[in-house]
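Peer 1: next one to model:
(4 chains)
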Number of protein chains: 2
Amino acid sequence: MPRIPSSDRRALLVQAAIRVIAKRGVAGATTRAIVAEAGMSLASFHYAFRSHSEMMRDVVAYVVGAEVASAYATLKLGSGIRQVLREGLQSYLDYVIADPGHEQVMQELVHYALRTPGLESLAAEQYEAYHSGVMSVLVEGAAVSGVEWSVPVLDVARLVVTVTDGVTLAWLANRDTAAAERVLDFAADSLAALARPVEARTRENAQ
Amino acid sequence: MPRIPSSDRRALLVQAAIRVIAKRGVAGATTRAIVAEAGMSLASFHYAFRSHSEMMRDVVAYVVGAEVASAYATLKLGSGIRQVLREGLQSYLDYVIADPGHEQVMQELVHYALRTPGLESLAAEQYEAYHSGVMSVLVEGAAVSGVEWSVPVLDVARLVVTVTDGVTLAWLANRDTAAAERVLDFAADSLAALARPVEARTRENAQ
DNA sequence: ACTCGTCTGGGACAGTTGACCCACTATGCC
DNA sequence: GGCATAGTGGGTCAACTGTCCCAGACGAGT
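Peer 2: Predicted coordinates:
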């Protein structure tokens, strides 16, 4: 069997764990299922991690750091801010539909972190990452569309995350794509109302 | 030990299970933990339920049927629809803050149902119950405020549920009450824009 | 060629879990 | 009182889990 360099083994196991969670849920992420997914032996697990919970901490930290904002980052340069918002939200929904397991894992990991002593802060960090990731997209989107936000961008980002979380959970439950898109229509309309055309002289009060 | 009549035993165990889930999460809802919470013996469990998963099905069905809309039903008769919405959303948030475990259980059970073969439909039913419960509140709220909804009320209900779910998850993660309330401010504003004063003659196009 | 530290395979362990079983007790009915 | 039935207690089982251990294999440096 090929030997795996020490630096990669943890990452390999973490990613295998995420795949297992996507397939079987957090409860199914046993050490044996994970090493089987990673094609490793059981002993290798405890060679890489001191314990199962130590690995789960890394799993949560991994999803916080990586790919978090990537789902939001499909920024198409539309004609106006309303369309930029709508298309951004749509690409997020498309992403959820294409790979429902992934966003399901994200929410399950939030609940797992909230339940696990010592990991509660990671849930908060996960949302900070969401918010700041979306915020930068919103700043860029506003710049492209020549508008500015009439409220703090961070609050707008919170609204976007609220909507995406809510739509995700409902869609996972009832798979009603048309209803989800109507919600996104309304969200895009309402959020666009928070933007106003930028007047060249009052540029400094952005953010 | 007092004998428990047959009709109550299942309900007792289901409610005990919900308390255990609130305390320890879905993964902690073992048969032993549940019967301990219910003050019963282990044998009584399999006397009442054929299996653990059969009881979990009842747990999910129970939360779908009972109390689902109760959190929304704190309808205060405010001056206008905007205030009715805002106060309704606030009372929901107050409820989440007062008993975070309960709404956490609700979301965890949705994910559990989605993961469990044969229970996926219960997740959809849970959201149908949410939507119809909120919808009736919205209908009443509109009537009290003398407005009508310019879009199907069911869609408005979906928006409300989307917001409450999103706010719940974010608040559970970061406990940022002020931010949650700003989100609710915006939601109430935006939703109120979907209502228009009812003109006595066009009463019939209410959904 | 030798050796040392890195890594792996397989086995084993104790603890927990869902499920089951059977002797036993209470209760209502004749 | 006797008896069937509903309900209970406690013990037991196999399966599964996280964790540990140890003999050995590989590779790099000498």
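
Peer 1: residue ranges of the helices in chain A, please?
Peer 2: A:6-24, A:31-38, A:42-48, A:52-65, A:81-98, A:100-115, A:120-145, A:153-174, A:177-192 (DSSP state H).

Peer 1: so for residue B:113, which of these sits nearest?
Peer 2: Closest to residue B:113 of the helices of chain A is helix A:153-174 (CB to CB; 8.0 Å). Using the backbone N, CA and C atoms, a C-beta is placed for each residue, glycine as well.

Peer 1: counting contacts, what elements does the closest one pack onto?
Peer 2: helix A:81-98, helix A:100-115, helix A:120-145, helix A:177-192, helix B:100-115, helix B:120-145, helix B:153-174, helix B:177-192 (3 or more CB pairs under 8 Å, 6 or more residues apart in numbering or on different chains; DSSP states H and E).

Peer 1: ok so, going back, mean neighbour count added to the helices of chain A, as a markdown table?
Peer 2: Listed next are those as a markdown table, based on neighbours: other CB atoms under 10 Å in any protein chain shown:
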| stretch | mean neighbour count |
| --- | --- |
| helix A:6-24 | 17 |
| helix A:31-38 | 18 |
| helix A:42-48 | 15 |
| helix A:52-65 | 18 |
| helix A:81-98 | 19 |
| helix A:100-115 | 21 |
| helix A:120-145 | 19 |
| helix A:153-174 | 23 |
| helix A:177-192 | 18 |
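
Peer 1: mind putting these into CSV with distance to residue B:124 and mean pLDDT?
Peer 2: Shown next, in CSV, are the helices of chain A (distance: least, CB to CB, whole Å; pLDDT from 0 to 100):
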stretch, distance to residue B:124, mean pLDDT
helix A:6-24, 21, 91
helix A:31-38, 28, 96
helix A:42-48, 37, 94
helix A:52-65, 26, 92
helix A:81-98, 16, 93
helix A:100-115, 14, 95
helix A:120-145, 26, 91
helix A:153-174, 4, 97
helix A:177-192, 12, 98
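
Peer 1: columns distance to DNA strand D on top of these, output as a markdown table?
Peer 2: Below are the helices of chain A laid out as a markdown table (distance: least, CB to the nearest atom of the strand, whole Å):
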| stretch | distance to DNA strand D |
| --- | --- |
| helix A:6-24 | 9 |
| helix A:31-38 | 4 |
| helix A:42-48 | 4 |
| helix A:52-65 | 3 |
| helix A:81-98 | 28 |
| helix A:100-115 | 13 |
| helix A:120-145 | 18 |
| helix A:153-174 | 24 |
| helix A:177-192 | 34 |
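
Peer 1: quick one: which of those is nearest residue B:27?
Peer 2: helix A:100-115 (7.8 Å).

Peer 1: tell me if the closest one is near chain B.
Peer 2: Yes. Contact of helix A:100-115 with chain B (CB under 8 Å from any CB of the partner chain) involves A:104, A:107-108, A:110-111, A:114-115.

Peer 1: out of the helices and strands packed on helix A:153-174, flag the one nearest residue B:20.
Peer 2: Nearest of those (CB to CB): helix B:100-115, 9.8 Å.

Peer 1: thought residue A:9 was touching residue A:46?
Peer 2: No. With contacts counted by CB atoms under 8 Å, residue A:9 stays clear of residue A:46, the gap being 11.4 Å.

Peer 1: any idea how far residue A:41 is from residue B:184?
Peer 2: Separation of residue A:41 from residue B:184 (CB to CB, to the nearest Å): 52 Å.

Peer 1: and residue A:185, by the same measure?
Peer 2: For residue A:185, the distance to residue B:184 - CB to CB - is 21 Å.

Peer 1: let me see the contact set for the closest residue to residue A:187 other than its chain neighbours.
Peer 2: Excluding the flanking residues, the one nearest residue A:187 by CB to CB, 6 or more residues apart in numbering or on different chains is residue A:163, at 4.6 Å. Residues in contact with residue A:163 (CB atoms under 8 Å, 6 or more residues apart in numbering or on different chains) are A:89, A:183-184, A:187, B:162-163, B:166.

Peer 1: which residues touch residue A:118?
Peer 2: residue A:57.

Peer 1: equivalent analysis for residue A:196, please.
Peer 2: Here residue A:196 is in contact with A:147-148, A:150 (CB under 8 Å, 6+ apart).

Peer 1: please check those residues and keep the buried ones.
Peer 2: By neighbour count, with 16 or more other CB atoms under 10 Å in any protein chain shown, the contacts of residue A:196 hold A:147-148 as buried.

Peer 1: pLDDT and distance to residue A:85 for the contacts of residue A:196 - can I get that in TSV?
Peer 2: Shown next, in TSV, are the contacts of residue A:196 (pLDDT from 0 to 100; distance: CB to CB, whole Å):
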residue	pLDDT	distance to residue A:85
A:147	95	11
A:148	95	14
A:150	97	14
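
Peer 1: what's the closest of the contacts of residue A:196 to residue B:99?
Peer 2: Using CB to CB, the contacts of residue A:196 come closest to residue B:99 at residue A:150, 35.3 Å.

Peer 1: my guess is that closest one contacts residue A:197. True?
Peer 2: No. With contact defined as CB under 8 Å, residue A:150 does not reach residue A:197; the gap is 10.8 Å.
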